[in-house]
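Chemist: Fold the following.
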Amino acid sequence: MKVRHVLAVALGGAVLGAGVGLWLGGPGPLLRTDLGQRALQGALSASAPPAPEGLVIAEQGERIPSIRLPDLDGTPVALPDDLAGRPTLINFWASWCGPCIEEMPELNRYATAQGDAGTRVLGIALDDAEAVRTFLERVPIDYPTLLDQAGPRDSSVQLGNPRGVLPYSVLVSADGRLLKQKVGPFQAGEIEDWAD
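Modeler: Predicted structure coming up:
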């Protein structure tokens with residue numbers, strides 16, 4: 001009887017400690033794990049409205065759907081075909097999204113470190129084109145940006161973001177398959193562990 005009591009108290013303490021840790025410090029450490037991200041993705045998908053009829057949604061391990069978006073000059077870019085040959089970290093953001101703006105220096109640092117042979121970084125702004133241009137004049141980045149409009153059929157939804165949460169990132173293989181998904185901003189030094 002005493003062993004059960006000790007185990008019950010220990011289990012209760014562990015659950016209480018985890019709860020207090022999440023309450024005080026937020027879910028940060030948990031969300032930086034693959035297991036935490038998968039759980040979050042499952043919860044977001046389960047609570048999302050049904051996808052619009054006929055919309056193809058990427059599944060992990062499968063080739064992403066064909067998406068055509070303009071760059072800042074209006075030149076169309078075809079995903080995943082125009083990205084073939086190198087893995088690509090696609091980051092969805094908006095000029096009004098505080099956490100998106102906070103992670104941009106980290107994404108830029110990573111993109112610069114990868115050079116022309118490593119993982120490519122591509123931003124997709126779910127925002128007004130003029131707002132994006134104005135923002136990037138103030139906060140320049142060294143990786144390309146495409147434009148899309150937020151909505152139930154936008155490219156982030158097609159790449160597994162049913163709730164349209166920003167920032168949202170995906171890792172796409174050199175042959176166009178969806179490898180990883182991440183809801184929330186990258187912390188300093190986190191991208192290397194996530195993308196490798």
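Chemist: could you check the distance from the spatially most central residue of the chain over to residue 104?
Modeler: In the chain, the residue lying closest to the centroid (CA atoms, centre = their mean) is residue 169, at 1.9 Å. Noted for residue 169: a distance of 12 Å to residue 104, by CB to CB, to the nearest Å. To be clear about C-beta, it is placed using only N, CA and C from the backbone, and glycine gets the same treatment.
Chemist: now do residue 97
Modeler: Distance, residue 97 to residue 104, using CB to CB: 10 Å.
Chemist: Which residue, neighbours along the chain excluded, lies closest to residue 97?
Modeler: residue 166 (4.6 Å; CB to CB, 6 or more residues apart in numbering).
Chemist: What score does that neighbour have for pLDDT?
Modeler: pLDDT recorded at residue 166 is 94.
Chemist: Run a quick neighbour tally on it.
Modeler: 23 (other CB atoms under 10 Å).
Chemist: What are the neighbouring residues in contact with it?
Modeler: Shown in contact with residue 166 (CB atoms under 8 Å, 6 or more residues apart in numbering): 92, 93, 94, 97, 99, 100, 126, 156.
Chemist: Please report how far the last one lies from residue 170.
Modeler: In this case it means residue 156. Taken as CB to CB, the span from residue 156 to residue 170 is 9 Å.
Chemist: again, but for the second one
Modeler: Spatial separation of residue 93 from residue 170 under the definition CB to CB is 13 Å.
Chemist: Residue 109: neighbour count?
Modeler: 15.
Chemist: typed the wrong thing, it's residue 160
Modeler: Count around residue 160 with other CB under 10 Å applied: 20.
Chemist: Residue 156: what's its closest spatial neighbour, skipping adjacent residues?
Modeler: residue 92 (4.4 Å).
Chemist: quick one: that neighbour is in a strand?
Modeler: Yes. Counting by DSSP: H, G, I helix; E, B strand; the rest coil, residue 92 is part of a strand.
Chemist: quick one, what contacts residue 120?
Modeler: 83, 86, 87, 88, 89, 111, 114, 143.
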